[in-house]
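**Student:** Here's a sequence, model it:
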Amino acid sequence: MASLLSSDSEAARRHHARGHLPQVEFPHRQQPQWQLEVPGAQYSPVDWADIPGWADDDQLAAFRTFRTSCDPILAPASAIAETRALGGSLREPCRAAKAATVTSSAEARTFFEQQFHPVRIMRLGETEGFVTGYYEPVVDGSRTRTDVYTIPLYRRPSNLFVRGYTQSSTSLPNKGEVFRKIGRRKLVPYYDRGEIEDGAIAGRGLEICWLKNQTDLLFIQIQGSARIRLEDGSMVRINYDAHNGFPYTPVGRVLIERNIIPRDQMSMQRIRQWMEENPDGAKELRRQNRSYVFFREVKLAADDEAVGAQGVHLTAGRSIAVDKALHIYGTPFFIEGNLPLQSEQNKTPFRRLMVAQDTGSAIVGPARADIYFGAGVEAGQVSGRLRNGAQFVMLVPNSLDPQARGRTMPLPEPRPSAKIARQFPQQAVPFKSEPATPEPAKPDATKSGSTKSDAAKSGVMKPDAARSGAARSSDAKPGDAKPSDAKSGDAKSDLPKPDATTSDAARPGQHKSGQATSQPASGQAKAAPARPDAPKTEATKADTVKTDGADKPAAIPVPEARPAAADSRSDQAAPRSERRRERHQPDQARPGQ
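**Tutor:** Numbers count the residues shown, from 1 in each chain. Take a look at the predicted model:
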């Protein structure tokens, strides 16, 4: 970590030496105190100079957005989940931001370089993150139903219940089970989209306003908020309030799977166009998504930006929605990629410092972001085109150490010396999932394959034979073993796992048995007398026993028969997509369809 901090300081000095940044003094950087851990993520510290586009961005706009997020972070009643990556570590940079006077992009860049260190982050096993866009629709509507405005936009019904919440709760979570009450006690799942569209809650006075068509309503539910322009020119602002408990099914994905719209042509504009051209098909398509969103009216001026899940106004082009299960609201991310901002074909370099201020249930993963582009038709067109990979650099406060976990990870066992390896050579023992059939006896039996009948003639087995099971493992021929049936993970091991139920192909005279007997104290074992009609079977797979201080594979001599009551258990083998989001009170997630 010391090398990381020194490299960061060196990078800052290089910028100052070039004259890119003025000398602005901020509170001294604190030494890291505890480790950084993001579940399911891989990350690596980088230098500021190694981040493409960092020196060219307008960090002043990002600084103002970050300082807006500091209000709820520094609030006395703030309850930041310490289990998430940054925990409460953003409080120190927020105090510095509130105390600092920053008036230029260069000063803002210096602030971030002195208060944070950059860490490149992505999902484990991947090489980049993923970004999409969202916006706030502006649609026409009416306070009363007319011949033109016939589609109701509902507020939360009074018979909708979520465990752990009351009807007075400002907003309900965007995930989890949702119920409706039948009678006084019985709870059942709430109505799905098809039932609601068919009038299951109609006539109860839940209408906030009326819209022209179901497609407008669907896209408002996907985005999580909207501006409704009434006939008299006034504006109604609505935000997410609750959902019906069913998971969101992206309608764009359904169209791709049905080969209606090619994947490379998918956008919100193409979805809307197809729905307008196929009204009957649009009805059936909507009902594939059983999720339904309810709204509440909010008191915002006509030109105010939407309020994100953190409870602050979003900033177009600087606010992002992230996975709130992994990240803290207010975390800065530098996102670098080539995005179709101007058109579907032209990719524009996007290198910008963003701030996490929102969330959505479809925004999942450590390097996953939804970029907020503002309100209106143009913002909707840009948002609808975005489904692109990008690089993520998370700005980590100096009080966190991204390398601490690596210093506490246990190291592997040291490899044995060459001398020990020569003294105890490792023999690969094939692994078989099924017992092998005995091979026919060969007339020229080798010394290592002496038969049981030979031993019976002498009446006594030699100690070496007792240890090796009539064939010393070091004398085994390569042709004696058959190919292994082990899985690929087992094939990587130098020592396959032993299996009491399987064995190598037996050489003449070898027997297979799952019953082991102890040897006499004299070191010799008497062999059972041979019978002419005794069947020839495979030899028992060698167990490892200690002899003269060394581990050697040895097969224990086996009697002809064992009582039926003997325990035989030892012979058994051990058995993306569309989004929906809400802008509402702090720490309440949007539905993220």
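
**Student:** got the contact list for stretch 260-275?
**Tutor:** Stretch 260-275 is contacted by residues 215, 219, 251-252, 255-256, 281-282, 285, 344, 380-381, 383-385, 387, 578 when judged by Cβ atoms under 8 Å, 6 or more residues apart in numbering. C-beta here means a position set from N, CA and C on the backbone, and glycine is covered the same way.

**Student:** I'd like the average pLDDT over it.
**Tutor:** Averaging pLDDT along stretch 260-275 gives 90.

**Student:** now do stretch 96-108
**Tutor:** 95.

**Student:** Check stretch 141-151 too.
**Tutor:** pLDDT averaged over stretch 141-151 gives 96.

**Student:** and what of stretch 188-196?
**Tutor:** Averaged across stretch 188-196, the pLDDT comes to 95.

**Student:** So which bits of it are buried?
**Tutor:** Using 16 or more other Cβ atoms under 10 Å as the test for burial, stretch 188-196 gives 190-194, 196.

**Student:** who does the host helix or strand of Tyr43 pair up with?
**Tutor:** Assigning secondary structure by DSSP states H and E places Tyr43 in strand 41-45. Under the criterion DSSP bridges, strand 41-45 sits next to strand 116-123 (antiparallel) in its sheet.

**Student:** Would you mind pulling the contact partners of the partner strand?
**Tutor:** Residues outside strand 116-123 that contact it (Cβ under 8 Å, 6+ apart) are 4-5, 8, 36, 38, 40-48, 51, 93, 128-129, 332, 334, 365-368, 391-398, 402.

**Student:** Which among these count as buried?
**Tutor:** Looks like the contacts of strand 116-123 have 4-5, 8, 36, 38, 41, 43, 45-48, 51, 93, 128-129, 332, 334, 365-368, 391-398, 402 buried, using 16+ other Cβ under 10 Å.

**Student:** Can you flag which of those residues belong to strands?
**Tutor:** 41, 43, 45, 129, 332, 334, 368, 391-397 (DSSP state E).

**Student:** Distance to Gln265 and pLDDT added to those, as a markdown table?
**Tutor:** Formatted as a markdown table, these follow (distance: Cβ to Cβ, whole Å; pLDDT from 0 to 100):
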| residue | distance to Gln265 | pLDDT |
| --- | --- | --- |
| Ala41 | 32 | 90 |
| Tyr43 | 34 | 87 |
| Pro45 | 40 | 91 |
| Gly129 | 23 | 96 |
| Pro332 | 34 | 97 |
| Phe334 | 30 | 98 |
| Arg368 | 23 | 96 |
| Gln391 | 26 | 97 |
| Phe392 | 27 | 98 |
| Val393 | 31 | 97 |
| Met394 | 33 | 96 |
| Leu395 | 36 | 96 |
| Val396 | 39 | 93 |
| Pro397 | 42 | 93 |
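
**Student:** need those residues in a markdown table with distance to Thr103, can you?
**Tutor:** Shown next, in a markdown table, are those (distance: Cβ to Cβ, whole Å):
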| residue | distance to Thr103 |
| --- | --- |
| Ala41 | 35 |
| Tyr43 | 33 |
| Pro45 | 30 |
| Gly129 | 32 |
| Pro332 | 19 |
| Phe334 | 22 |
| Arg368 | 34 |
| Gln391 | 30 |
| Phe392 | 29 |
| Val393 | 25 |
| Met394 | 26 |
| Leu395 | 21 |
| Val396 | 26 |
| Pro397 | 23 |
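
**Student:** now the chain, which segments are flagged as low pLDDT?
**Tutor:** 1-35, 77-83, 402-412, 427-593 (pLDDT under 70).
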